[in-house]
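K.L.:
Let's see this in three dimensions:
(2 chains)
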Amino acid sequence: AQKVTQAQTEISVVEKEDVTLDCVYETRDTTYYLFWYKQPPSGELVFLIRRNSFDEQNEISGRYSWNFQKSTSSFNFTITASQVVDSAVYFCALFSSGGSYIPTFGRGTSLIVHP
Amino acid sequence: GAGVSQSPRYKVAKRGQDVALRCDPISGHVSLFWYQQALGQGPEFLTYFQNEAQLDKSGLPSDRFFAERPEGSVSTLKIQRTQQEDSAVYLCASSLEEAGTTDTQYFGPGTRLTVL
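P.N.:
This next block holds a predicted model:
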């Protein structure tokens, strides 16, 4: 069975603070893919990143960075110097062959960035 | 625009009515997915198509839910005899490659269905 846990329901920060969103996953497959999506108030899920299970290199894209650790089954997402426009719900998702490549989403973390 | 579009954006139905939700995927995308997102939850898979073929409908909650993609492009999700528990946002996503891969899915803005 596949499972994605985003334990943080809501995080509130002040602009320019750094914030980390946690994602813990469970799968029996050795080959799998992890994704992060952003859902602003408009409702559309915006793709942020995709990472496969064989690539544990951390990735940085501007103010965004991702820390993938297979040893702890975690794929955490950090926003540096947060901005009001970062306010959204963020979802972590898992795809694997054991799940017939049907994605399993976490419940999401609502990030509120105050000016 | 070039993204996934959905219509209507909002739909209010009386219990027992039938509704039809439309999805226009990105042009040329082979795979199309439907999800249901309840308030405060992540998207839950309903069904997916590869071109016009519906390859998996295991997530459809009841036989009142029906989806089609007759020409391998636009898709319609139909809900018959709507119930209050059907109230949710219905998201559509498309991907370039065949379903069964891990190709990135691109989502539409969703249709918010409210059943009174």
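
K.L.:
does whatever residue of chain B ends up closest to chain A count as helix, strand or coil?
P.N.:
Using C-beta to the nearest C-beta, the closest approach of chain B to chain A is made by residue B:42 at 3.3 Å. For the C-beta atoms, the positions are set from N, CA and C on the backbone; glycine is no exception. When states are read from DSSP: H, G, I helix; E, B strand; the rest coil, the local structure at residue B:42 comes out as coil.

K.L.:
just checking, it touches residue A:107?
P.N.:
Yes: contact status for residue B:42 versus residue A:107: in contact at 5.2 Å, counting by C-beta atoms under 8 Å.

K.L.:
Is the residue positioned nearest the centre of chain B within a helix or a strand, and which one?
P.N.:
Centroid check for chain B by C-alpha atoms, centre = their mean gives residue B:34 as the closest residue, at 3.2 Å. When secondary structure is defined using DSSP states H and E, the element that contains residue B:34 is strand B:31-37.

K.L.:
The residue of chain B closest to chain A: neighbour count?
P.N.:
Each residue near residue B:42 was counted by other C-beta atoms under 10 Å in any protein chain shown, and the total is 22.

K.L.:
In contact with it, which residues?
P.N.:
With contact set as C-beta atoms under 8 Å, 6 or more residues apart in numbering or on different chains, residue B:42 has these partners: A:4, A:91, A:93, A:105-108.

K.L.:
thinking again about what came up before, name the residues contacting each of residue B:42 and residue A:107.
P.N.:
Common neighbours of residue B:42 and residue A:107, counting by C-beta under 8 Å, 6+ apart, are absent.
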